[in-house]
Each structure stands twice: as C-alpha cells, then as structure tokens.
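A.B. asks: Okay, here's the prediction I keep looking at, along with the sequence it came from:
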Amino acid sequence: MSSTRLNDWLQIVAMFALVGSLIFVGLQMRQAQEIALSQAYQARADQSIGITLAALESDTTQSLHVKWIEDPNAELAPAEYAISSMFASARLIHWDTQLAGMRSEMRHPEYRESYGRDKD
C-alpha cells in the first residue's frame, strides 16, 4: 500500500471520528439542557411546597379556611387576602411544575413507545 493511499484512508477515518465526536458533544449538550430544566422545575416545586406548608401551618390560614367553609362569600381582611393570594400562586406553580413534568415524560422515547405514540 502506497503512502498516499494510506494517508487518504487515515484522513477518511479521522473525518468519521470528528463527525462522531461532534454528534456525541451535541447529545451531551442536549442532556445537560434537560437536566438544567428539570433542576429549575424541581426548585420551583420545592419552593411551592415550602410556601404551601408555611401557609398551612399559619393560624391566619387556618382561620381563613374556617371562615371560607362557613361563608364562601365572606369579605376578606387584607392579611387574609394576601395569604389567600400567596396560597393560590403556590398552587399554580405546583400545577405548572406537574404539567412540565408530564410534558417531559411524554417526550421521552420509552414513554412514546409504551403508549404507542410514535407517530407524533
């Protein structure tokens, strides 16, 4: 085998190795992005749970709940309104986090195969 022919083969092998390494780097970047998104959603979920637990342990929240059960149309004091709004915001964040998790699971190839959703 001549040296030019060997050189050509080595260059072809090097090109395939370069393309393979670029594909691998792309897959790593995609995985890192998915991990970062899931960590952000987890942080939001943790914050939502913390807010919800703090609100539930509050005497004001408990009295607000009792007041609402007794008369759902009762006027709220400013403190009660603030706690009610905070609790509602925490619930919305929680629901949004759950929805994002479901969307993420639905994009996963194993989920799509197991539920026959390969055609989307």
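C.D. replies: Right, received. Where do you want to start?
A.B. asks: Pull out the buried residues from the helix or strand containing residue 99.
C.D. replies: Residue 99 belongs to helix 78-107 when elements are defined using DSSP states H and E. For helix 78-107, a neighbour-count test (16 or more other CB atoms under 10 Å) marks 80, 83-84, 87, 90, 93-94, 97, 100 as buried. Every C-beta, even on glycine, is put in place using the N, C-alpha and C of the backbone.
A.B. asks: Now do the host helix or strand of residue 42 and helix 78-107, the angle between them.
C.D. replies: Secondary structure from DSSP H and E places residue 42 in helix 3-57. Here the directions of helix 3-57 and helix 78-107 differ by 150 degrees (axes from the mean of the first three to the mean of the last three CA atoms, to 10 degrees).
A.B. asks: I'd like the next helix or strand past helix 3-57.
C.D. replies: Later in the chain than helix 3-57, the nearest helix or strand by DSSP H and E is helix 59-70.
A.B. asks: which other residues reach that next one?
C.D. replies: Outside helix 59-70, the residues that touch it by CB atoms under 8 Å, 6 or more residues apart in numbering are 55-56, 74, 76, 79-80, 83-84, 87.
A.B. asks: and the two most separated of the residues you listed?
C.D. replies: 56 and 74 (19.9 Å; CB to CB).
A.B. asks: State the number of residues packed around residue 3.
C.D. replies: 7 (other CB atoms under 10 Å).
A.B. asks: Going forward, count from 16.
C.D. replies: New numbering, starting at 16: the last item is residue 18.
A.B. asks: how much space between the residue of the chain positioned farthest from its centre and residue 98?
C.D. replies: Going by CA atoms, centre = their mean, the residue of the chain most distant from its centre is residue 17, 56.9 Å out. Remark: distance between residue 17 and residue 98 (CB to CB, to the nearest Å) = 84 Å.
A.B. asks: what comes up buried for stretch 49-60?
C.D. replies: Buried residues in stretch 49-60 (16+ other CB under 10 Å): 56, 60.
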